[in-house]
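1. return atomic coordinates for the entry below.
(chains A and B)
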Amino acid sequence: MPRTEADVPKRGAGTLAVIGDLKQMSPRWLVGTSMYGYGVSLTVGIGVPIPILDEEILRHTAVTDAEIFGAVIDYSDAYPNLKPDIIAEISYAELKSGAVKLQGKKVPTGSLSSYSRAVEIAETLKGWIKSGEFLLTEAVAPLPGVDSGVSFKPLPERPLEI
Amino acid sequence: MAVSKRVVLHFPRRLVEKPVIYHLVRDYNLEFNILRASITAEPEEEGLLVLQLKGEQEEYDRGIKFLLKSGLKIQSLSQDVTRNEARCTHCGACVTICPPGAFELDRKTRQIKFDDEKCVACGLCIKACPPRAMEVHF
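-> Below you'll find the predicted structure:
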């Protein structure tokens, strides 16, 4: 995993596997979306509390937009052909400014996820924690155990010849 | 006083032969810019013209009266592309797609403002919007 000198990952670093009852969820945080040319997806808003237990955790969570880098990828060739080449690495601060300079040209930039909803969900969770509605040291619900009848469907692996 | 308005004109079949735009220029001194022109599908099968008209307020008003007398149906453009506020999540996917820049990110709230005055009803945002919050009505 390529990281910056401050140890910040420069590519997608992890995936959160979550489980929940859809019928108890609010449509404010679970939105059906369609990406033209790609297909249908589910846009999910998740609030995750991160306990600041020591200075190292504090250092990693206090990272600014200028210290987070994203790769600019060619979706027409590199991406579909699984080539690792990237066009550039640009900081989130620059990407959020609305325009970046790429190969000598000014290119407009925009987001695909809602920052305002992210802030709202974070504030909501913060409120729950402060009021004691959400506990940090007690599980909300147990993960399904052996007796639950839930079983995993193994993913058939189909490795590509590159 | 000079005005600039965007209008949607619906031409029924019988008016296809009538050069109304020519009259807007010659008789009412209006400058026109065609933003969109098409023939709609069944059942209406009518001509659709989205125009930007510029000229003196008085001549503009008379020009519109002329169009109405000729049998055209007129709508103001700002009614045509609307945002369903209940669906919009302010994700920002629309911002860079819009040619006239009708969408703007508010830096403080991080929400997206839609200026329907800038909108030319090109329709690019309709499919670009992931939760399908943008709607077009003609």
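
2. who does the top helix by length along chain A touch, helix- and strand-wise?
-> Ranked by number of residues, the top helix in chain A under DSSP state H is helix A:115-131. Applying 3 or more CB pairs under 8 Å, 6 or more residues apart in numbering or on different chains; DSSP states H and E, one finds that helix A:115-131 contacts no other helix or strand. The way it works is simple: take the backbone N, C-alpha and C, and place the C-beta from them, glycine included.

3. residues from chain A in reach of chain B?
-> Contact residues, chain A versus chain B (CB under 8 Å from any CB of the partner chain): A:31-36, A:41, A:43, A:98, A:108-117, A:119.

4. quick one: buried ones out of these?
-> Neighbour counting with 16 or more other CB atoms under 10 Å in any protein chain shown marks A:31, A:33, A:43, A:109-111, A:114-117 as buried within the residues of chain A next to chain B.

5. would you turn the residues you listed into CSV with distance to B:T82 and pLDDT?
-> CSV is the format used below for those (distance: CB to CB, whole Å; pLDDT from 0 to 100):
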residue, distance to B:T82, pLDDT
A:V31, 19, 95
A:T33, 19, 96
A:T43, 21, 94
A:T109, 26, 95
A:G110, 21, 94
A:S111, 22, 94
A:S114, 20, 96
A:Y115, 23, 95
A:S116, 20, 96
A:R117, 21, 97
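
6. most widely separated two among those residues?
-> Of all pairs drawn from those, the widest gap by CB to CB lies between A:V31 and A:T109 and measures 22.3 Å.

7. ok, A:S114 touching B:C91?
-> Yes - when contacts are counted by CB atoms under 8 Å, A:S114 is listed as touching B:C91 (4.5 Å).

8. ends of stretch A:150-160, how far apart?
-> 30 Å (CA to CA, to the nearest Å).

9. would you agree B:E58 falls within a strand?
-> No - looking at B:E58 with DSSP: H, G, I helix; E, B strand; the rest coil, it is helix, so not inside a strand.

10. measure it to chain A for me?
-> Computed as CB to the nearest CB, to the nearest Å, the B:E58 to chain A distance reads 40 Å.

11. now for that residue, how many residues are close by?
-> Taking other CB atoms under 10 Å in any protein chain shown as the criterion, the count of residues near B:E58 is 11.

12. likewise for B:R107?
-> Residue crowding around B:R107 was assessed by other CB under 10 Å; the count is 10.

13. state the distance from it to chain A.
-> When B:R107 is compared with chain A (using CB to the nearest CB), they lie 9 Å apart.

14. which element is that residue on?
-> For B:R107, there is no host helix or strand (DSSP states H and E).

15. and if you look at B:D27?
-> B:D27 belongs to helix B:20-28, assigned by DSSP H and E.

16. from the contact counts, what lies against the helix or strand following that helix?
-> As assigned by DSSP H and E, the chain's next helix or strand after helix B:20-28 is strand B:31-39. Where contact means 3+ CB pairs under 8 Å, 6+ apart, strand B:31-39 is packed against helix B:20-28, strand B:47-56.

17. show me how chain B divides into domains.
-> When chain B is parsed into structural domains using automatic domain parsing, the resulting residue ranges are B:2-79, B:81-133.

18. hey, least reliable of the ones you listed by pLDDT?
-> Within those, the least confident segment by mean pLDDT turns out to be domain B:2-79, at a mean of 88.

19. quick one on the thing from earlier: format the buried ones among the residues of chain A next to chain B as CSV; extra columns: distance to A:A71.
-> Below are these laid out as CSV (distance: CB to CB, whole Å):
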residue, distance to A:A71
A:V31, 26
A:T33, 23
A:T43, 22
A:T109, 13
A:G110, 17
A:S111, 16
A:S114, 22
A:Y115, 20
A:S116, 25
A:R117, 25
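
20. which one of those is nearest A:A17?
-> If you rank those by distance to A:A17 using CB to CB, A:T43 comes first, at 17.2 Å.

21. just list the residues touching the closest one, thanks.
-> Taking CB atoms under 8 Å, 6 or more residues apart in numbering or on different chains, we find A:T43 in contact with A:30-33, A:113, B:89, B:91, B:130-131.

22. one step back: most packed of the helices and strands packed on strand B:31-39?
-> strand B:47-56 (a mean of 18; mean count of other CB atoms under 10 Å in any protein chain shown).

23. output the contacting helices and strands for that strand.
-> The contact analysis (3+ CB pairs under 8 Å, 6+ apart) places strand B:47-56 against strand B:2-11, helix B:20-28, strand B:31-39, helix B:57-70.

24. and with 7 Å instead?
-> Packed against strand B:47-56, as judged by 3 or more CB pairs under 7 Å, 6 or more residues apart in numbering or on different chains; DSSP states H and E, are the following elements: strand B:2-11, strand B:31-39.

25. how deep is the residue lying closest to B:D27 once chain neighbours are set aside tucked in, by neighbour count?
-> Once flanking residues are discounted, B:D27 sits nearest to B:F66: 7.3 Å by CB to CB, 6 or more residues apart in numbering or on different chains. B:F66: 15 surrounding residues under other CB under 10 Å.
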